[in-house]
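[1] Below is the sequence, then the predicted model.
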Amino acid sequence: ALPAPVAGFRDYIAWLQARDSQAAEGYWRRQLGLLEEPTRLAEGLAAGVKESGHGLLPLLIDGDEFANLRQIAQADKLTVNTLVQAAWTLLLQRYTGSEAVAFGVTVSGRPADLPGAEDMIGLFINTLPIIQVPRADCRIGDWLQGLQQDNLNLREHEATPLADIQRWWGKTGEALFDSLLVFENYPLSEALRQRADDGLRISGGEHSETTNYPLTLAVQSGDTLRVVFDYDRQFFTDEAVAGLAEHFRLLLNQLAAQADERIGQLHCLPPAEQAQLSAWNVWAKRYDECTPVHELIQRQAERQPHAVALLCGGQQLSYAALDTQANRLAHRLIALGVQAESRVAL
């Protein structure tokens, strides 16, 4: 005999109707404001021979590698899910060349503040976008903490239908993303092993799951970290996904080990690919140290300040005037936040 249900699906519907829809819309519009274009990973990969059907590529991280990953996450009060999302964010950024990227995540959808939600029978699961703009000069540890907080903020509005979020973006017919990350916190096989001795046994089962997205990452975390890349062969080749998995693994390990470094210092190429790039760089040449041109102009301004430096039509500038204007412009740029290695359009 089953116990009487604490609550029914109608209670969930009532809970939904009582939600502040304007607050949810405001939150998602702010998130969508970060994204200028949809994130299409498939377009960032080299074209290959397209096939039909789906492919599966499992990536297993275990042993000392996973123990180190989990230990660092616990020390920094981070979840493994946060590290996985971060690695996938940076991989999308590197492959697409976009500053802001988006991918889908699945949420259970069962509200923590609704009594009996965990025991209700019904469909609650939802897909939502994670939108991130990691800056190259940002400290890795700070960004990871921010990403984890973004996930907590998202939970406040996780009941929002994806169709509404898509509509608020205003680009009809364009999906926000083409990759989905599913972090499974409740592995079925483990749940079955922990069943009470009630005489029931389940064996010989096979589980097949396919989404409508070209690429889905199914992640299971327990004694190991298992990531299964489920891909549509119309969009991704086997070789491309194998490369994705290897780069993902490298980024994941670096994120955990280099929290005090900057995001821009991370690389996603294995040694073999780095060696290949070096081999292609046949024009590499070391030049002797020389004085930069701006210092040469400054020296000339000190030696011959009144000599003509620039002519343009009927206008001319002396070296002293050129040096003064250059310094004035430099201070203006510094005041605007320009630093060493910043890119400035001319």
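    Done, it's in. These numbers were taken from a predicted model, which means no experiment stands behind them.
[2] Where does the prediction get shaky in the stretch 1-150 of the chain?
    Within the stretch 1-150 of the chain, the ranges that satisfy pLDDT under 70 run 46-49.
[3] where exactly do the strands run in it?
    Using DSSP state E, counting those that start in this stretch, the strands found in the stretch 1-150 of the chain span residues 54-61, 101-107, 126-132.
[4] Give me the nearest residue to A256, chain neighbours excluded.
    Leaving out its chain neighbours, the residue that sits closest to A256 by Cβ to Cβ, 6 or more residues apart in numbering is I72, at 4.4 Å. Placement of C-beta: from N, CA and C, glycine included.
[5] contacting residues around the one you found?
    Residues touching I72, when contacts are defined by Cβ atoms under 8 Å, 6 or more residues apart in numbering, comprise A256, A257, A259.
[6] The first one and F248, how far apart?
    The one in question is A256. Counting by Cβ to Cβ, to the nearest Å, the gap between A256 and F248 amounts to 13 Å.
[7] Compare those two (neighbour count), which wins?
    When A256 and F248 are compared on other Cβ atoms under 10 Å, the one with more neighbours turns out to be A256, at 24 against 20.
[8] hmm, who's touching stretch 234-247?
    Applying Cβ under 8 Å, 6+ apart, the contact partners of stretch 234-247 are 42, 45-46, 48-52, 55, 57, 59, 91, 94-95, 178, 214-215, 227, 229, 231, 268-270.
[9] is it true that L35 touches T96?
    No - taking Cβ atoms under 8 Å as the definition, L35 is not a contact partner of T96, at 11.7 Å.
[10] Could you export the strands of the stretch 1-150 of the chain to TSV, including columns for mean neighbour count and distance to Y27?
    Output for these, formatted as TSV (neighbours: other Cβ atoms under 10 Å; distance: least, Cβ to Cβ, whole Å):
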stretch	mean neighbour count	distance to Y27
strand 54-61	15	33
strand 101-107	22	14
strand 126-132	20	11
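[11] Show me the shaky parts of the stretch 201-346 of the chain.
    Under the criterion pLDDT under 70, the flagged ranges of the stretch 201-346 of the chain are 205-207, 282, 284.
[12] can you give me the strands in it?
    215-221, 225-232, 308-312, 315-318.
[13] what about dumping the CA coordinates of the first one to PDB?
    Extracted in PDB, the C-alpha atoms of strand 215-221 (Å, rounded to 0.1, in the frame of the first residue of the first chain):
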ATOM      1  CA  LEU A 215      24.800  18.200 -28.900                       C
ATOM      2  CA  THR A 216      23.900  17.100 -25.400                       C
ATOM      3  CA  LEU A 217      26.300  16.500 -22.600                       C
ATOM      4  CA  ALA A 218      25.000  14.100 -20.000                       C
ATOM      5  CA  VAL A 219      27.100  14.400 -16.800                       C
ATOM      6  CA  GLN A 220      27.100  12.000 -13.900                       C
ATOM      7  CA  SER A 221      29.100  12.700 -10.800                       C
END
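[14] burial of the residue lying closest to T82 once chain neighbours are set aside, as a residue count?
    Closest residue to T82 apart from its sequence neighbours, by Cβ to Cβ, 6+ apart: Q148 at 4.5 Å. Burial of Q148, expressed as a neighbour count using other Cβ under 10 Å, amounts to 18.
[15] and the gap between Q148 and D230?
    Remark: distance between Q148 and D230 (Cβ to Cβ) = 26 Å.
[16] what about P38, distance to S98?
    The gap separating P38 from S98 is 9 Å, by Cβ to Cβ.
[17] coming back round to it: nearest to A275, of the strands of the stretch 1-150 of the chain?
    Between A275 and these, the shortest separation by Cβ to Cβ is 22.8 Å, and it involves strand 54-61.
[18] thinking again about what came up before, from G141, how far out is the residue nearest to T82?
    Taking Cβ to Cβ as the measure, Q148 falls 11 Å from G141.
[19] quick one, helices of the stretch 1-150 of the chain?
    Assigned helices in the stretch 1-150 of the chain, in chain order: 9-17, 21-32, 63-75, 80-96, 140-155 (criterion: DSSP state H, counting those that start in this stretch).
[20] Can you tell me what sits against the helix or strand containing L181?
    For L181, the enclosing helix or strand under DSSP states H and E is strand 179-184. The set of residues external to strand 179-184 that reach it, using Cβ under 8 Å, 6+ apart, is 39, 41, 81, 84-85, 88, 92, 103-106, 127, 130, 211, 213-221.
[21] give me that answer again for 6 Å
    41, 81, 88, 103-106, 211, 213, 215-220 (Cβ atoms under 6 Å, 6 or more residues apart in numbering).
[22] ok, so of these, who is nearest G314?
    Among the contacts of strand 179-184, and counting by Cβ to Cβ, the member closest to G314 is L41, at 55.2 Å.
[23] Find the nearest non-adjacent residue to that closest one, please.
    Nearest non-adjacent residue to L41 (Cβ to Cβ, 6+ apart): S179, at 5.3 Å.
[24] so how far is A279 from the one you found?
    Going from S179 to A279 by Cβ to Cβ gives 31 Å.
[25] Those two: which is more packed in?
    Ranked by neighbour count (other Cβ under 10 Å), S179 and A279 place S179 first, with 24 against 8.
[26] Thanks a lot, catch you later.
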